[in-house]
Structures are given as C-alpha cells and as structure tokens.
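> Here's my sequence, what's the structure:
(one chain, ligands or ions: 1)
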Amino acid sequence: MSGHRGLAVSIAGLALLAACGGGTKATSLPTPTTPTPTGSTSASPTPIPTSETIQVIDNDYVPKTLTITAGTAVVWIEIGVSQHTVTAADGSFDSHPDCPADINKCMKHDDTFVQTFDKPGHIAYFCKLHKEAGMTGEIVVV
Ligand SMILES: [Cu+2]
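Numbering: from 1, shown residues only. Below is the predicted model of the structure:
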C-alpha cells in the first residue's frame, strides 16, 4: 500500500512544521532504573570474612588438621573422584545428611561445603563412607 506510506511521511512532515501538533509522541523515555542502596549504614565497615580451604581427596582431608581463629569459614572442596561427606563427630554439622543412604546426595568432585566456626575448641569430623579407611580430620578453633 504505497498510499499508506505516503500518508505517514506527510504526517511526519506536518509534525515538523506544526510543532504543537503532537503528532508522533516519543512516549515514555526509557529511564534506567538504578537501584539505590537503601538504608545500609555505609559507615559501619563489614568485617571481611576470612576463610580457609580444605581439599577433600580420595580418601583424606588436606590438611588433616586445620587451625583457625574463631569466626573463620572453612571451605571443603572435593578434588577427588569418590563420594565423600564432611560430618562432625559431635553431630553439629553434616555436609550431606542423606549420604550414603542416597549415594547421589554425597559430596562429589567439585562440590563444596562451607562451615563457619565461631567458638574455640576442637571439632573432629569424618567422612561417613571412609571413616574406617582413616578419612578423618580436625578443626582447631582458637
Ligand atoms: Cu570419603
């Protein structure tokens, strides 16, 4: 329809001539909504969380004993290929509660588990699958 196209062009021309015509309004400018941080007290510095890493291998923890200061997060990362867990001897934490009942819910290669220790003490832990093979470790919190 060439007639329609011509009409559109002439309307545009009119809009240019008669500025008050209000022909084609560019409606609602896209205003980027920048999320303004609300109310966070920027004055108080948040303490930088320290973390230590323990490698979970087949079948051990490296390092086997880790000494940390209270408040430190410990990150276990599995670099082995077998299934494992990181399970506190006192039951205070268990990385994979459904393991080994469900072997698919055990720690696998590249899986991580994070636990923060706030109170000083000795926390023994082990792998539920390989405890008898000597897969045990200890966190010493000072
Ligand atoms: Cu294991």
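> Helix or strand with the lowest mean pLDDT in the protein?
Per-element confidence for the chain was summarised using mean pLDDT, DSSP states H and E. The lowest value among helices and strands belongs to helix 2-17, with a mean of 44.
> so F117 touches I139, yeah?
Yes - F117 is within contact range of I139, at 5.9 Å (criterion: Cβ atoms under 8 Å). Every C-beta, even on glycine, is put in place using the N, C-alpha and C of the backbone.
> Can you pull the residues of this structure lying near the ion?
Within the chain, the positions adjacent to the ion are N59, H84, C127, L129, H130, M135 by Cβ under 5 Å from the ion.
> for those residues, which one is nearest T65?
Taking Cβ to Cβ as the measure, M135 is the one of the residues of the chain next to the ion closest to T65, at 13.6 Å.
> returning to that earlier point: mind putting the residues of the chain next to the ion into JSON lines with neighbour count, pLDDT and secondary structure?
Rendered in JSON lines, the data for the residues of the chain next to the ion read as follows (neighbours: other Cβ atoms under 10 Å; pLDDT from 0 to 100; DSSP: H, G, I helix; E, B strand; the rest coil):
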{"residue": "N59", "neighbour count": "16", "pLDDT": "98", "secondary structure": "coil"}
{"residue": "H84", "neighbour count": "31", "pLDDT": "98", "secondary structure": "strand"}
{"residue": "C127", "neighbour count": "29", "pLDDT": "98", "secondary structure": "coil"}
{"residue": "L129", "neighbour count": "20", "pLDDT": "98", "secondary structure": "coil"}
{"residue": "H130", "neighbour count": "18", "pLDDT": "98", "secondary structure": "coil"}
{"residue": "M135", "neighbour count": "24", "pLDDT": "98", "secondary structure": "coil"}
